[in-house]
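*Asks:* Quick check, what structure comes out for this input:
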Amino acid sequence: MKMVSDTLVDELLLKLEPEWGKKKVDNVKLIYQLGDENKRARIEKILTLSARKHLNDNLLNTQVLLPPSIRQECEGRKEVFAGTICYGRNADGTDRQRFPLYLNFEDIKNHIIVTGLSGTGKTTFGYDLLIELAGKGKRCVVFDWDRTWRNVLSLDKSKYSFIEKVRVYTIGRNDISPFSWNLFFSPPSGGSFSSWLGIASGKPLEKGLYSGLGVQDFVETEAEQLMKAFQEGVLKLLPNLEDMKQRIQAQHAQARQLLWKQSTERILKELTREAMQEVFGSRQPIDIEEEILERDGVTIIEMDIETPDHLRILFQEVLLTYFMLYYLHKGEAQKEELRTLVICEEFPNMLPQSSVEKKSGGEILSKILREGRKFGLGLCCIMQESSLAPNWLQANCKVQAHFACQTRRDIEATAGGLFLKQNEIPFLDFIWQGEAIMKVKGRVKNCLVKIPASPIKEKITDEQLKELCKKWQHQN
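*Replies:* Here you go, the predicted model:
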């Protein structure tokens with residue numbers, strides 16, 4: 001009889017380790033290495049039969065067999081339940097559930113990447129994560145691009161008391177639950193107005209609206225003069241973009257300055273669109289720190305499809321910059337402290353696309369991914385195509401949750417991120433709805449995880465949201 005290779009024996013022992021235990025596997029491995037040809041042959045038969053008995057393993061290899069870490073490692077500090085680890089199959093063909101997988105708060109603040117086909121469970125995973133964190137009093141902010149996250153408001157309040165602390169803002173839909181902000185004249189506390197003005201009028205405008213240094217100079221000059229007049233009491237109302245637009249339109253310019261002036265007028269016109277005027281230029285802006293960054297609860301920001309993409313991206317990028325500066329001024333968090341989790345649906349929308357964007361955009365995202373953990377600020381990036389994830393995203397996410405993918409590029413990108421062996425790459429084609437291959441760097445190796453079904457069953461309509469908004473205003 002032809003003997004199987006030592007490599008295959010090691011593979012079988014690895015697969016059986018969750019069933020037999022590490023001590024027994026080590027003993028069998030030692031006996032195999034020291035045994036003669038007959039003894040090695042007997043051990044190979046035993047291993048093959050045991051694998052088929054315990055795991056329903058077969059030559060076709062049509063199931064996911066990723067030996068999980070030990071229970072203690074997978075459970076961690078039992079802080080946030082992520083799903084149930086499965087390994088092998090029962091006699092009836094169903095996946096054998098081994099033990100729960102938990103994420104530590106420290107894991108989450110070191111960022112999460114979630115990928116997979118539409119309808120395979122990515123958003124359900126996000127829902128479950130939010131419900132777990134909110135139920136434990138953790139702050140969450142969601143950037144929602146398809147009006148689905150509002151549905152958490154349909155949960156039973158008697159079971160999920162955090163529902164009372166959920167707030168939804170509809171960007172660009174001022175008739176429902178408006179987000180009133182003032183882009184240039186509402187800096188984060190702890191920093192100066194001029195510093196914030198330089199940041200907000202620089203890279204974000206260059207990425208989203210193709211501005212340049214000339215435009216930035218126009219914007220900063222007019223904003224500083226308006227703010228000085230307001231602080232000195234000359235202006236009674238907080239300045240906004242309309243004030244800036246009127247002042248710039250009244251100016252006379254020639255040659256190159258005329259081009260800069262025209263570009264500035266174009267950008268201010270975009271920022272003062274009817275739907276966005278309240279977002280970027282309110283005279284009574286929301287206190288972001290009090291209402292979002294210091295309030296214990298969930299904030300859902302709907303990036304409405306009725307608003308142009310470039311304005312939605314601009315808003316999201318500037319607001320994330322505000323978050324980062326706020327926590328920078330607040331100081332570093334404790335090692336295990338998670339202050340805020342930001343969930344970004346449709347994450348590729350935030351990634352640079354054109355050559356101009358690639359030159360100027362994406363900096364705040366990479367900065368949060370590289371430094372946010374120091375301040376207790378974590379990102380959960382949800383996307384369909386793993387091949388679109390830049391290297392700095394993969395490199396800085398401690399937790400990976402990959403649902404089913406289909407194209408060759410996505411399979412290769414996912415396999416690379418998980419360091420799958422050649423014989424494990426087909427596993428990505430075996431998983432389907434509600435299943436993900438997950439990994440927690442440094443604690444939990446690749447494993448198959450069953451994601452629990454979301455308790456969210458109903459949809460919240462615009463009319464229901466309007467009524468809730470009235471109630472929130474009354475509470476405030």
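
*Asks:* Quick one: neighbours of Glu346, just the number.
*Replies:* The number of residues packed near Glu346 is 16, by other C-beta atoms under 10 Å. Every residue, glycine included, has its C-beta placed from N, CA and C.

*Asks:* Tell me if Gln400 really is in a strand.
*Replies:* Yes. Gln400: assigned to a strand according to DSSP: H, G, I helix; E, B strand; the rest coil.

*Asks:* and it, what is it in contact with?
*Replies:* 112-113, 417-418, 438-439, 441 (C-beta atoms under 8 Å, 6 or more residues apart in numbering).

*Asks:* and if you look at Arg266?
*Replies:* Taking C-beta under 8 Å, 6+ apart, one finds Leu209 in contact with Arg266.

*Asks:* Can you give me the buried ones in the strand or helix carrying it?
*Replies:* Following DSSP states H and E, one finds Arg266 within helix 255-271. Buried residues in helix 255-271, defined by neighbour count with 16 or more other C-beta atoms under 10 Å: 260-261, 263-265, 267-268, 270-271.

*Asks:* residues making contact with the helix or strand following that helix?
*Replies:* Later in the chain than helix 255-271, the nearest helix or strand by DSSP H and E is helix 277-281. Helix 277-281 has contacts (C-beta under 8 Å, 6+ apart) with 171-172, 174, 178-183, 240-242, 271-272, 315.

*Asks:* Closest to Gln464 out of the residues you listed?
*Replies:* Pro178 (16.7 Å; C-beta to C-beta).

*Asks:* The closest one: what secondary structure?
*Replies:* Counting by three-state DSSP, the backbone at Pro178 sits in coil.

*Asks:* and the contacts of Gln400, which of them are in strands?
*Replies:* The strands, defined by DSSP state E, take in 112-113, 438-439 from these.

*Asks:* neighbour-wise, which of those residues leads?
*Replies:* For the ones in strands among the contacts of Gln400, the largest neighbour count, defined by other C-beta under 10 Å, is 29 neighbours, found at Met438.

*Asks:* Correct me if wrong: it contacts Cys447.
*Replies:* Yes. Counting by C-beta atoms under 8 Å, Cys447 is a contact partner of Met438 at 6.1 Å.

*Asks:* Now list whatever residues contact both of the two.
*Replies:* Leu101.

*Asks:* how about Leu129, what does it touch?
*Replies:* Here Leu129 is in contact with 80, 82, 103, 108, 112, 341, 343, 380 (C-beta under 8 Å, 6+ apart).

*Asks:* In which helix or strand does Met244 reside?
*Replies:* In this assignment (DSSP H and E), Met244 forms part of helix 241-249.

*Asks:* packing partners for that helix?
*Replies:* helix 213-231, helix 255-271, helix 277-281 (3 or more C-beta pairs under 8 Å, 6 or more residues apart in numbering; DSSP states H and E).

*Asks:* quick one: the second one to helix 241-249, angle?
*Replies:* Interaxial angle, helix 255-271 versus helix 241-249 (axes from the mean of the first three to the mean of the last three C-alpha atoms, to 10 degrees): 160 degrees.

*Asks:* so where is the protein shaky, pLDDT-wise?
*Replies:* 1-6, 52-62, 207-208, 210-211, 352-362, 474-476 (pLDDT under 70).

*Asks:* which residue is nearest the middle of it?
*Replies:* Cys380 (2.0 Å; C-alpha atoms, centre = their mean).

*Asks:* buried residues in stretch 294-308?
*Replies:* Under 16+ other C-beta under 10 Å, the buried positions of stretch 294-308 are 297-304, 307.

*Asks:* and the contacts of helix 277-281, which two are the farthest apart?
*Replies:* Ile171 and Glu242 (18.8 Å).

*Asks:* out of these two, which sits in the busier spot?
*Replies:* The neighbour comparison of Ile171 against Glu242 (other C-beta under 10 Å) goes to Ile171, with 26 against 14.

*Asks:* Let me see the contact set for that one.
*Replies:* Counted by C-beta under 8 Å, 6+ apart, Ile171 has contacts 179, 279, 301-304, 307, 312, 315.

*Asks:* relative orientation of the longest helix along the chain and helix 255-271 in degrees?
*Replies:* Ranked by residue count under DSSP state H, the longest helix found in the chain is helix 309-330. Helix 309-330 runs at 90 degrees relative to helix 255-271, counting by the same axes, to 10 degrees.

*Asks:* just checking, what packs against helix 309-330?
*Replies:* helix 193-200, helix 203-209, helix 255-271, helix 288, strand 298-303, strand 340-344, helix 363-371, strand 377-383.

*Asks:* Can I get those in CSV including distance to Ser50?
*Replies:* Shown next, in CSV, are those (distance: least, C-beta to C-beta, whole Å):
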stretch, distance to Ser50
helix 193-200, 62
helix 203-209, 57
helix 255-271, 67
helix 288, 59
strand 298-303, 48
strand 340-344, 42
helix 363-371, 43
strand 377-383, 39
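
*Asks:* Near Leu155, how many other residues are there?
*Replies:* 21.

*Asks:* pretty sure it contacts Ile460?
*Replies:* No. Using C-beta under 8 Å, Leu155 makes no contact with Ile460, being 10.3 Å away.

*Asks:* would you list the contacts of Leu129 in a markdown table and tack on distance to Lys228?
*Replies:* Below are those laid out as a markdown table (distance: C-beta to C-beta, whole Å):
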| residue | distance to Lys228 |
| --- | --- |
| Val80 | 48 |
| Ala82 | 52 |
| Leu103 | 48 |
| Ile108 | 43 |
| Ile112 | 44 |
| Leu341 | 38 |
| Ile343 | 39 |
| Cys380 | 41 |
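
*Asks:* Just name the closest of the residues you listed to Cys397, please.
*Replies:* Nearest to Cys397 among the contacts of Leu129, with distances taken as C-beta to C-beta, is Ile112, at 6.0 Å.

*Asks:* residues contacting that closest one?
*Replies:* With C-beta under 8 Å, 6+ apart, Ile112 has these contacts: 129, 378-381, 397-401.

*Asks:* give me that answer again for 10 Å
*Replies:* 82, 103, 125-126, 129, 341, 343, 378-382, 397-401, 438, 440 (C-beta atoms under 10 Å, 6 or more residues apart in numbering).

*Asks:* how much space is there between it and Arg373?
*Replies:* Distance of Ile112 to Arg373, computed by C-beta to C-beta, to the nearest Å: 12 Å.

*Asks:* Pull up the overlap in contacts between the two.
*Replies:* Common neighbours of Ile112 and Arg373 (criterion: C-beta under 10 Å, 6+ apart): 379, 398.

*Asks:* Among the ones in strands among the contacts of Gln400, find me the one that's closest to Lys471.
*Replies:* Nearest member of the ones in strands among the contacts of Gln400 to Lys471, counting by C-beta to C-beta, is Ile112, at 32.1 Å.

*Asks:* for the closest one, which residues make a bridge with it?
*Replies:* Listed beta-bridge partners, Ile112: Cys380, Val399 (assigned using DSSP bridges).

*Asks:* And for Glu317, the neighbour number?
*Replies:* 22.

*Asks:* Give me the nearest residue to it, chain neighbours excluded.
*Replies:* Excluding the flanking residues, the one nearest Glu317 by C-beta to C-beta, 6 or more residues apart in numbering is Pro204, at 5.0 Å.
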